[in-house]
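*Asks:* mind folding the following:
(chains A and B)
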Amino acid sequence: MTDSAAERVARFVDDLLHGRRPRRFNASQEEVEAMTAAAGLVAGRVGADIPDKAALDRIHGRLSEALDESPVLDMRPTRRTWLRTLGTAAAAVVVGVALDEVASNQSPSGPNGAAPTVLMPDNGTWRRVAAVTELPAGHAMPVSTGSIDAVVVNDGTNISAVSGICTHLGCKLEPDDATRKLNCPCHQTAFSWSGKVLYYRLKSAPATLPNIPVRVNDGQIELFVV
Amino acid sequence: MVGLTEPRLAGVPNPNAANDPAAAMYPDWESVYQDNVVGIYQLVFRRVGNAADAEDLAADILMQTLKTLRLPAPVNNVRSYLVKTARSVMADHWRSHYAAKAAALELEHLPAGALVSPPRSESADRAQRLLGLLPDHFRRILELRFLRGYSVREAANEMGVTESNARVLQFRALRKAAELEQEVLA
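*Replies:* Predicted coordinates for the structure are as follows:
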């Protein structure tokens, strides 16, 4: 009996160690205990229990399909519109305008389903705010151009920028790289790096942070501002 | 303390929410997803040990929770409900895949704070501590298999035992590890 249980658990462990979904079988309580311990040990391998982006995308896709049954298209100008009007040549130098959001206009990305707005000044120009080398992957940095406080973000894939001012009462947001959040010090509101409200303790959710057009030019991060 | 996680990263407790977690609100399902998906995935992975099941179960847990809850809702309420749903979904998984009732009972003790993720995954530290508590021959077989990736045959050769003995040793070592986990690390 013990040999048989040992064999079954060994097969289970082999499946786990090869990254396979284990085969089903009827397990005794002793086997379940051993299998649970094996799962914990596999999880202890470096990085094993960190989901990859593809897995997160699939989970998000399943939720989106089930929960966004009636997507409301927002007709306000978005970064997509902006990119379209700017033309292909200019778009080529614009890095990381959160392409997932540009491509997913159908899913609500802000409170009440509001899509993020783009801060497009009438007389804007590209202004250098930092060197790319000053913004390593996984880092968010507050910058100021005099007219605008912003946060530029390098998420490891893209460089993006959002307003650095809380949409509730205008407090300056504080980036927290460890949690990838932008925290408002005034009323416990937190935004994601893409400007989405993550949580709030107000009567109603504040608006999504406006995005700010950003590009990398000659190794310099530039924002389109006045 | 409310530990809130961002997709693609093991999250850390948020200092602001920690001051008054009861007051923080999730505005919509996207925020619930972004804040908890990694924590749920890790919670599940620690108990199933493979990415395919972890992904499916994490999605099921979020789906069931979000279809039930009315948002906006307080962070604490949502997280409590997520853990409650996780218990139920994982217990069903163990019952349907391995006819296991014991796992369901163990999950009853899952604390409400189980979704709170440490700054980096605690699974590696926990596994190391556990291995350190095991008798030498048990620790050796598990280290060879789980840390160094040896096959049963390679581990048996390394330890100078038969493959059959190596499987039995592995089984007993895992049971001892489970016992220690409940007694010492709980």
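*Asks:* which one's the longest helix in chain B?
*Replies:* In chain B, taking DSSP state H as the definition, the longest helix is helix B:75-98.
*Asks:* alpha carbons only: can I get that one in PDB?
*Replies:* Output in PDB follows, covering the C-alpha atoms of helix B:75-98 (Å, rounded to 0.1, in the frame of the first residue of the first chain):
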ATOM      1  CA  VAL B  75     -11.500  46.500   0.000                       C
ATOM      2  CA  ASN B  76     -11.800  44.400   3.200                       C
ATOM      3  CA  ASN B  77     -15.100  43.000   2.200                       C
ATOM      4  CA  VAL B  78     -14.000  42.000  -1.200                       C
ATOM      5  CA  ARG B  79     -10.800  40.400   0.000                       C
ATOM      6  CA  SER B  80     -12.700  38.400   2.700                       C
ATOM      7  CA  TYR B  81     -15.100  37.200   0.000                       C
ATOM      8  CA  LEU B  82     -12.200  36.300  -2.300                       C
ATOM      9  CA  VAL B  83     -10.600  34.100   0.400                       C
ATOM     10  CA  LYS B  84     -14.000  32.500   1.200                       C
ATOM     11  CA  THR B  85     -14.500  31.700  -2.500                       C
ATOM     12  CA  ALA B  86     -10.900  30.500  -2.800                       C
ATOM     13  CA  ARG B  87     -11.600  28.000   0.000                       C
ATOM     14  CA  SER B  88     -14.600  26.700  -1.800                       C
ATOM     15  CA  VAL B  89     -13.000  26.500  -5.300                       C
ATOM     16  CA  MET B  90      -9.900  24.800  -4.100                       C
ATOM     17  CA  ALA B  91     -11.700  22.300  -2.000                       C
ATOM     18  CA  ASP B  92     -13.800  21.400  -5.000                       C
ATOM     19  CA  HIS B  93     -10.700  21.000  -7.100                       C
ATOM     20  CA  TRP B  94      -9.100  18.600  -4.600                       C
ATOM     21  CA  ARG B  95     -12.400  16.700  -4.300                       C
ATOM     22  CA  SER B  96     -13.000  16.300  -8.000                       C
ATOM     23  CA  HIS B  97      -9.300  15.600  -9.000                       C
ATOM     24  CA  TYR B  98      -8.200  13.500  -6.100                       C
END
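*Asks:* next, the buried residues of it.
*Replies:* If you call a residue buried by 16 or more other C-beta atoms under 10 Å in any protein chain shown, then helix B:75-98 has these buried ones: B:75-76, B:78-79, B:81-83, B:85-87, B:89-91, B:93-94, B:97-98. Placement of C-beta: from N, CA and C, glycine included.
*Asks:* out of those, who's near chain A?
*Replies:* Residues shared between the buried residues of helix B:75-98 and the neighbourhood of chain A are B:75, B:94, B:97-98 [C-beta under 8 Å from any C-beta of the partner chain].
*Asks:* wait, which of these is closest to A:Arg11?
*Replies:* The closest of those to A:Arg11 turns out to be B:Tyr98 (C-beta to C-beta; 12.2 Å).
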